[in-house]
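Peer 1: below are the sequence and a predicted model for it; my questions follow.
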There are 2 protein chains.
Amino acid sequence: MAGPRTRAVDRRPPGRRRASHSLDAVLTAAVELLDEAGDSALTFRALAARLGTGVGSIYWYVTSKDDLLDRATDHVLAGVLTAVEGQPGTDDPIADLRVMAVTLFDAIVDRPWLAAYFMRNTDVQGNSLLLYEKLGQQTLRLDLTPKERFHAVSAIVGVVVGTAADLGQDPPEEVVSGAVDRAEFLARYAATWRAADPDQFPFVSQIADEFAGHDDREQFLAALDLTLAGLRLQAGGEVGQPGHE
Amino acid sequence: MAGPRTRAVDRRPPGRRRASHSLDAVLTAAVELLDEAGDSALTFRALAARLGTGVGSIYWYVTSKDDLLDRATDHVLAGVLTAVEGQPGTDDPIADLRVMAVTLFDAIVDRPWLAAYFMRNTDVQGNSLLLYEKLGQQTLRLDLTPKERFHAVSAIVGVVVGTAADLGQDPPEEVVSGAVDRAEFLARYAATWRAADPDQFPFVSQIADEFAGHDDREQFLAALDLTLAGLRLQAGGEVGQPGHE
DNA sequence: CGGATTTATCGAACAATGTTCTATCGTCTG
DNA sequence: CAGACGATAGAACATTGTTCGATAAATCCG
């Protein structure tokens, strides 16, 4: 969406001889750590411990933590990409866009750490670029100017990543520790909001109940559908079936 | 949007006597540091140096760095809120929503560090909540269900923060150092994309030029307008003037 | 007034982390 | 066999956020 940062040259050995660890092993272990305990769990020392090697060794495959994260993201994105490519596809480009966006969203829900490094990982290369292309190809089937296509894809990716990032935050420790479950946690908030003076806070007090029974996925779909409705309008509206629930 | 994290109790002295530093001074200095050199510039040591105090003293006003950031954000958001409140307001709620969203976006452009801590700062309280309310009040003028209102506001905030966060990333060091200016930097990317095989990358190669002359604000407005168009449709469309350029 | 309590400050110490550096080992290659 | 190179290991360093105890200054209270 914006611009890349300089990348490390790939110093991976061509014929892997008998290396005890490959870049792939490093990346896999890194993803494991991230999956298991999130963002903060991925440290060079923890990674080295899991691989059974020294800290310094990792730097032979990777030039920095940023680099590690970039590659780990790309590693995972490969799977997302094939998932997206495996989707059937209809005669309605916007419906297809929707399916792809949802797939991407689900992938981020599965791996919340992806969200953070999706925004930061501005290097539009590798699988990230391929995904971008895949989305963009749907817009080619719409009656839009190139600029409108560009903006449409940006907007959709923005909705996905924006919503998912919000969701990717590690919940407060009370919830993690299991002391309070998510429902009660939300309910507590809702209570605060409902208690707000309806004259001064008409919206918040009306919305309190929605917030309590609040479903992230539903919220995402609502945002996505608003954007897609706008897009359908922009594309002339005559393409495909208008109302898709 | 999601949930809060536990907050520190306010131990600020009621009558400030002759304290050499107040919470306000700490927050102001923190914001200065963030404004001057961004995210990474705000360290407790740098902050202490600027205040002419010791590191430990800051912990009397603030319980952690998260807390510091939360308060600093809220501090700044106060200004944004009054800016939003100062806006005239028309008979078209959606137009008003647009103006407010743009104002918020501009604030984040001015202070890119806001974006990061806008998503993380899930404690929907203080000025953040007030802003939420302010946006929501516009939706009360639309023919929507409470749930739809909730989703609408979430979607709009998502667009603002999502786009702004993307933009808030510190650009690669080449650009910062002035070695390459932004235009050339983007052009370099565009070149890569344009060189892509048009058969395999029809979208990216078509879009390359748009990306080169790419304007963040324009991109944001495009995304916002898609969402608002969808919202207008959802609200029945008969409210206010339909096409607003 | 004088001790005690609260308010506020300071900087040394700690633990964790990313990163660098040097030493070393093994496997090819000539 | 000797040197080069691929690869590894871990000690050392700088920079973080955070904790702690010592201590001063203000305030309160009897």
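Peer 2: Everything's here; your move. Residues are numbered from 1 along each chain as shown, chains lettered A, B, ... in the order given.
Peer 1: next, the contact list for the nearest residue to A:Ala235 once chain neighbours are set aside, please.
Peer 2: Spatially, and ignoring its direct neighbours in sequence, A:Ala235 is nearest to A:Leu142 (4.2 Å; CB to CB, 6 or more residues apart in numbering or on different chains). Using the backbone N, CA and C atoms, a C-beta is placed for each residue, glycine as well. Contact analysis of A:Leu142 by CB atoms under 8 Å, 6 or more residues apart in numbering or on different chains lists A:Pro93, A:Ile94, A:Arg149, A:Ala152, A:Leu231, A:Ala235, A:Val239.
Peer 1: buried set for stretch A:144-153?
Peer 2: For stretch A:144-153, burial by neighbour count (16 or more other CB atoms under 10 Å in any protein chain shown) applies to A:Leu144, A:Lys147, A:Glu148, A:Arg149, A:Phe150, A:His151, A:Ala152, A:Val153.
Peer 1: make TSV out of these and add secondary structure, distance to DNA strand D and pLDDT.
Peer 2: As requested, the buried residues of stretch A:144-153 are exported to TSV (DSSP: H, G, I helix; E, B strand; the rest coil; distance: CB to the nearest atom of the strand, whole Å; pLDDT from 0 to 100):
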residue	secondary structure	distance to DNA strand D	pLDDT
A:Leu144	coil	45	96
A:Lys147	helix	41	95
A:Glu148	helix	43	97
A:Arg149	helix	42	97
A:Phe150	helix	38	95
A:His151	helix	37	96
A:Ala152	helix	39	97
A:Val153	helix	36	96
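Peer 1: ok, those vs B:His214, which is closest?
Peer 2: A:Phe150 (7.9 Å; CB to CB).
Peer 1: what about the residue nearest to A:Leu23 when sequence neighbours are not counted, how many residues nearby?
Peer 2: Spatially, and ignoring its direct neighbours in sequence, A:Leu23 is nearest to A:Tyr61 (4.5 Å; CB to CB, 6+ apart). Counted with other CB atoms under 10 Å in any protein chain shown, residues neighbouring A:Tyr61 total 22.
Peer 1: what of A:Val84?
Peer 2: 20.
Peer 1: show me chain A divided up by domain.
Peer 2: A:23-170+A:215-234, A:173-212 (automatic domain parsing).
Peer 1: how about those domains in JSON lines, adding distance to DNA strand C?
Peer 2: Formatted as JSON lines, those follow (distance: least, CB to the nearest atom of the strand, whole Å):
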{"stretch": "domain A:23-170+A:215-234", "distance to DNA strand C": "3"}
{"stretch": "domain A:173-212", "distance to DNA strand C": "16"}
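Peer 1: tell me the mean pLDDT for stretch A:197-209?
Peer 2: Mean pLDDT, stretch A:197-209: 91.
Peer 1: that one and chain B, are they touching?
Peer 2: Yes - Stretch A:197-209 is in contact with chain B by CB under 8 Å from any CB of the partner chain, via A:Phe201, A:Pro202, A:Phe203, A:Val204, A:Gln206, A:Ile207, A:Asp209.
Peer 1: chain A: helices as residue ranges?
Peer 2: Secondary structure of chain A, counting by DSSP state H: helices at A:23-37, A:44-51, A:55-61, A:65-85, A:93-110, A:113-120, A:126-139, A:146-168, A:173-176, A:182-194, A:202-212, A:216-234.
Peer 1: how about stretch A:72-81: buried residues?
Peer 2: Here stretch A:72-81 shows A:Ala72, A:Thr73, A:Asp74, A:His75, A:Val76, A:Leu77, A:Val80, A:Leu81 as buried, counting by 16+ other CB under 10 Å.
Peer 1: adding distance to A:Gln137, write the residues you listed out as CSV.
Peer 2: Shown next, in CSV, are the buried residues of stretch A:72-81 (distance: CB to CB, whole Å):
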residue, distance to A:Gln137
A:Ala72, 26
A:Thr73, 22
A:Asp74, 20
A:His75, 23
A:Val76, 22
A:Leu77, 17
A:Val80, 16
A:Leu81, 13
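Peer 1: tell me which two of those sit farthest apart.
Peer 2: The distance between the two most remote of the buried residues of stretch A:72-81 (CB to CB) is 15.0 Å, for A:Ala72 and A:Leu81.
Peer 1: just give me the closest of the residues of stretch A:197-209 next to chain B to chain B.
Peer 2: Nearest to chain B among the residues of stretch A:197-209 next to chain B: A:Phe203, at 2.9 Å, using CB to the nearest CB.
Peer 1: if you rank every helix and strand of chain A by mean pLDDT, what lands last?
Peer 2: helix A:173-176 (a mean of 62; mean pLDDT, DSSP states H and E).
Peer 1: distance check, the residue in chain A that DNA strand D sits nearest to against A:Val26.
Peer 2: DNA strand D sits closest to A:Gly56 of chain A, with a gap of 1.7 Å, by CB to the nearest atom of the strand. Distance, A:Gly56 to A:Val26, using CB to CB, to the nearest Å: 13 Å.
Peer 1: what about these two, which has more around it?
Peer 2: Applying other CB under 10 Å to A:Gly56 and A:Val26 shows that A:Val26 carries more neighbours, namely 24 against 9.
Peer 1: find the nearest non-adjacent residue to the more buried one, please.
Peer 2: A:Tyr61 (5.0 Å).
Peer 1: am I right that the one you found is in contact with A:Asp24?
Peer 2: No - judged on CB atoms under 8 Å, A:Tyr61 makes no contact with A:Asp24 at a distance of 9.2 Å.
Peer 1: now A:Gly38. Its backbone dihedrals?
Peer 2: When quoted as degrees, to the nearest 10, the phi and psi of A:Gly38 stand at phi 80, psi -170.
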